[in-house]
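Novice: just coords:
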């Protein structure tokens, strides 16, 4: 970053991004805390149910994250309309994305039929397989609500309206915890479901959040001018194709990263519930911390779209550097905290000494990979704001699956380079893959910034 970039407008961007990011942060943290609370509460019930939730969560997350990724293509479209003061096309964009989300939901519901076969293909005990399948069934049943919620959320966030969805998500977490407890332990006449109760609670919370977000977008005065529900527009194949061209690369990018963690959880299952539980604790903590740079990245995508809609293409560079500085500064603090208190953090999740010891060692690696993760997620979201998503997809595939995953397999499951490291070897693979992604995505952002600024100068 050159000194020319650091001026009053840079610090103004810093302030704008922070104001956009903090509600997104709370919303993302509370969404992640649902998974964290599921893991903690199932772990307090017993380690088998904790492992079932870990594996079931790992299997369902790629499906839900793919749906979320598609809808993330909506916010840069809406933010450009907002920057250009174009209210007429917003309703069509949102409704076309709703059609896409509901179509994906139908496919996910059909996956319910494949749960027994998918769970049965994993090498684990019958008890663990049954509990995993039950948890997975309820979570996948929430797909329609999840799709509607994510679409309407991106509609609001694309307009820089971030507080309402934050409040809805926070309320969802507050509901999730007591409902979890009721279904896990069988209170108030409910059957004692153990880890499967976490899945049922998640389903109920998603439907509640979808209904609440619909109510907000229907009644909010500031959204009336967009006439979202004034009439239902027909399905537009060109618009849907355009959104899919933008959203699919985002979805696959997220999927490549999330699926990497999910596959590792499955590959660790034969090593026993203790190994899976330790890995899940480290993954839960790192996922929670990841929400900090992710929220900044999401705010950056919105801000870049808005600035381009206004025609201020050159200013997007300052927004990018402000976001990068903010994200890396936060990671310095969070990584240091994990390194200092890894044992205490692990003990929050489990009372079993062996699990705490194993998880604490993985948390050290989880702290280290946050730096690369912050750089790559800010850069990836900058590309999303620029609507340059295909390169992001290619970079992610190469980094996660052609670099990170092979390194993890070699170190974790073989003696090819060093004695088998189990979960720790996979975490070193994560660090390697994310570091490669960080470098390549950063380089791509610089290329796109030059291209879009040069193009804007030509047009003027």
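Specialist: Now that the structure is in, tell me what you want to look at. Not measured: the values here are computed from a predicted model.
Novice: and the residue nearest the centre of the chain, what does it touch?
Specialist: Centroid-nearest residue in the chain: residue 65, 6.4 Å away (criterion: CA atoms, centre = their mean). Neighbouring residues of residue 65 by CB atoms under 8 Å, 6 or more residues apart in numbering: 251, 254-255, 258. C-beta: built from backbone N, CA, C; applies to glycine.
Novice: Kindly indicate which of these lies nearest residue 387.
Specialist: Here the nearest of the contacts of residue 65 to residue 387, counting by CB to CB, is residue 251; it sits at 14.7 Å.
Novice: which secondary structure element contains the closest one?
Specialist: In this assignment (DSSP states H and E), residue 251 forms part of helix 237-268.
Novice: cool, residue 33 as well?
Specialist: helix 8-45.
Novice: That helix packs against which elements?
Specialist: Secondary-structure packing of helix 8-45 (3 or more CB pairs under 8 Å, 6 or more residues apart in numbering; DSSP states H and E): helix 47-72, helix 163-185, helix 196-219, helix 273-310, helix 316-340, helix 342-349.
Novice: what's the burial count for the spatially closest residue to residue 308 that is not a sequence neighbour?
Specialist: Leaving aside its sequence neighbours, residue 308 sits nearest to residue 80 (CB to CB, 6 or more residues apart in numbering; 5.9 Å). Around residue 80 there are 21 other residues, counting by other CB atoms under 10 Å.
Novice: Hmm, residue 309 and residue 80 touching each other?
Specialist: Yes - the criterion here is CB atoms under 8 Å, and residue 80 meets it with residue 309 at 3.9 Å.
Novice: pLDDT value on the nearest residue to residue 302 once chain neighbours are set aside, please?
Specialist: Using CB to CB, 6+ apart and skipping the chain neighbours, the partner closest in space to residue 302 is residue 79 (4.8 Å). Note for residue 79: predicted pLDDT of 93.
Novice: Just give the number of residues close to residue 79.
Specialist: Neighbour tally, residue 79, other CB under 10 Å: 25.
Novice: quick one: contacts for it?
Specialist: With CB under 8 Å, 6+ apart, residue 79 has these contacts: 158-160, 301-306, 309, 385.
Novice: tell me the mean pLDDT over stretch 223-232?
Specialist: In this model, stretch 223-232 has an average pLDDT of 91.
Novice: who touches it?
Specialist: Here stretch 223-232 has contacts from 87, 90-91, 94-95, 155-156, 159, 161, 217-218, using CB under 8 Å, 6+ apart.
Novice: Take the residues you listed and write them to a markdown table, including pLDDT.
Specialist: As requested, these are exported to a markdown table (pLDDT from 0 to 100):
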| residue | pLDDT |
| --- | --- |
| 87 | 90 |
| 90 | 92 |
| 91 | 94 |
| 94 | 96 |
| 95 | 95 |
| 155 | 95 |
| 156 | 94 |
| 159 | 93 |
| 161 | 92 |
| 217 | 95 |
| 218 | 94 |
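Novice: Give me the buried entries from the residues you listed.
Specialist: Buried members of these, scored by 16 or more other CB atoms under 10 Å, are 90-91, 94-95, 155-156, 159, 161, 217.
Novice: Was I right to think residue 309 contacts residue 84?
Specialist: Yes - assessed by CB under 8 Å, residue 309 is found in contact with residue 84 at 4.0 Å.
Novice: So these two - more neighbours on which side?
Specialist: Between residue 309 and residue 84, counting by other CB under 10 Å, residue 309 is the more crowded of the two (19 against 15).
Novice: So the more buried one versus residue 351, what's the distance?
Specialist: For residue 309, the distance to residue 351 equals 53 Å [CB to CB, to the nearest Å].
Novice: Then residue 169?
Specialist: Separation of residue 169 from residue 351 (CB to CB) stands at 29 Å.
Novice: So the two - more neighbours on which side?
Specialist: residue 169 (26 against 11).
Novice: Tell me if I'm right that that one and residue 33 touch.
Specialist: No - here residue 169 does not reach residue 33: they are 9.4 Å apart, not a contact under CB under 8 Å.
Novice: Number of residues surrounding residue 110?
Specialist: Using other CB under 10 Å, residue 110 has 10 neighbouring residues.
Novice: Helix or strand: which one has it?
Specialist: Going by DSSP H and E, residue 110 is part of helix 90-110.
Novice: again with residue 145
Specialist: Using DSSP H and E, residue 145 falls within helix 143-158.
Novice: That helix packs against which elements?
Specialist: When contacts are defined as 3+ CB pairs under 8 Å, 6+ apart, helix 143-158 packs onto helix 47-72, helix 74-83, helix 90-110, helix 163-185, helix 196-219, helix 273-310.
Novice: could these be laid out in a markdown table, adding distance to residue 267?
Specialist: As requested, these are exported to a markdown table (distance: least, CB to CB, whole Å):
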| stretch | distance to residue 267 |
| --- | --- |
| helix 47-72 | 10 |
| helix 74-83 | 34 |
| helix 90-110 | 24 |
| helix 163-185 | 27 |
| helix 196-219 | 22 |
| helix 273-310 | 10 |
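Novice: and residue 9, which of those helices is closest to it?
Specialist: Closest to residue 9 of the helices and strands packed on helix 143-158, according to CB to CB: helix 273-310, at 11.2 Å.
Novice: How about the helix holding residue 33, which residues are buried there?
Specialist: Buried residues in helix 8-45 (16+ other CB under 10 Å): 10, 13-14, 16-17, 20-45.
Novice: Same question for stretch 171-187.
Specialist: For stretch 171-187, a neighbour-count test (16+ other CB under 10 Å) marks 172-173, 175-177, 179-185 as buried.
Novice: which residues touch it?
Specialist: For stretch 171-187, the external contacting residues (CB under 8 Å, 6+ apart) are 30-31, 33-34, 37-38, 41-42, 45, 49, 188, 190, 192-198, 200-202, 204-206, 208-209, 212.
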